[in-house]
Structure formats: C-alpha cells, structure tokens
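**Student:** Let me see the structure of the following:
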Amino acid sequence: MCKMDFSKTEAFGARGKLFACLWGTYAPLNTIRQEALERGFCVAEVDVEEGTWKPFVSNHQPGPARKTEGSGGIERPVDCKFTADGKSLYVLDFGTCGVMSYGVIAYAHTGVLWRVTKQ
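**Tutor:** Got it, this is the predicted structure:
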C-alpha cells in the first residue's frame, strides 16, 4: 500500500471514507503464488468504521492495465489526494514497471496523473 487520503466533504459522495493506493505485487520477487499476481493495482475505498474495503479505481480486468492489450488504465497508483473543495480526487500513477527474477525495471514517461470526479 502507498499513500492515502480521507474524503472530508459530501461533494465527492463518500464523506469519511479513506481512499488508499494499492501498488500491486512484485511477483515473482516477493511471491510465487499465482493468485497474488493480480492483487493491488487499484485505488481502494475503505470504510474504516466497518473494517471493509472495495476497489474504487480499477481496471476492467484485475492487474495492471498493461496486462490487457489496448485497454489503458491504472498501472501502479502511488498517491492520492482530494482537492481543497473535496470535489476531485487526484491519483498519481507511477506507470509501468517490469518485475523480473533479478529486479525491477521502471519505464520512463509511463506515469499519469488521474483526476477522478463524482458522476
């Protein structure tokens, strides 16, 4: 997990909820379990009172966007912050990085700053 922020107003429609960036796995460096390959890679909405969470910003298919050709979407979110008026949530996406058995390779110019607003 990376950075997070609370929704503090009704403007976004989720007052009191925590929004947390889930970077995703470093498999095969940190696990060889197949089910771990698609964990994370999203922004989660957390109900701290209930102790539950659900994906809030995620791809149509689990895992980073690059795994589904031509889809676009979230790769590795690292930070999120609400605007002062609470109407928008900005999400900083690190971008693409390849994980090999010998280490991690980050690819330049693949990061994105997403602006999320209430529908």
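**Student:** can you pull out the strands in the chain?
**Tutor:** Along the chain, counting by DSSP state E, strands occupy 4-6, 18-22, 42-47, 52-57, 77-82, 88-93, 97-100, 103-106, 112-117.
**Student:** what's near enough to touch His60?
**Tutor:** 68, 71, 73 (Cβ atoms under 8 Å, 6 or more residues apart in numbering). Backbone N, C-alpha and C define where each C-beta goes, glycine included.
**Student:** wait, the second one sits on Gly63?
**Tutor:** Think Ser71. No: taking contacts as Cβ atoms under 8 Å, Ser71 lies outside contact range of Gly63: 10.3 Å.
**Student:** Look at these two and report which has more neighbours.
**Tutor:** More crowded of Ser71 and Gly63, by other Cβ atoms under 10 Å: Gly63, with 20 against 12.
**Student:** wait, what's in contact with the nearest residue to the more buried one once chain neighbours are set aside?
**Tutor:** Nearest residue to Gly63, sequence neighbours excluded (Cβ to Cβ, 6 or more residues apart in numbering): Glu38, at 4.2 Å. By Cβ under 8 Å, 6+ apart, Glu38 lies in contact with 25, 62-63.
**Student:** Export those as a markdown table, with columns for distance to Gln119 and pLDDT.
**Tutor:** What follows is these, written out as a markdown table (distance: Cβ to Cβ, whole Å; pLDDT from 0 to 100):
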| residue | distance to Gln119 | pLDDT |
| --- | --- | --- |
| Thr25 | 30 | 85 |
| Pro62 | 23 | 83 |
| Gly63 | 25 | 83 |
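**Student:** Poorly predicted segments of this structure, please.
**Tutor:** The chain contains residues with pLDDT under 70 at 1.
**Student:** and with 80 instead?
**Tutor:** When residues are selected by pLDDT under 80, those of the chain lie in 1, 27-29, 34, 36-37, 70-71, 100-101, 119.
**Student:** Could you state which residue of it sits nearest its centroid?
**Tutor:** Cys42 (2.8 Å; Cα atoms, centre = their mean).
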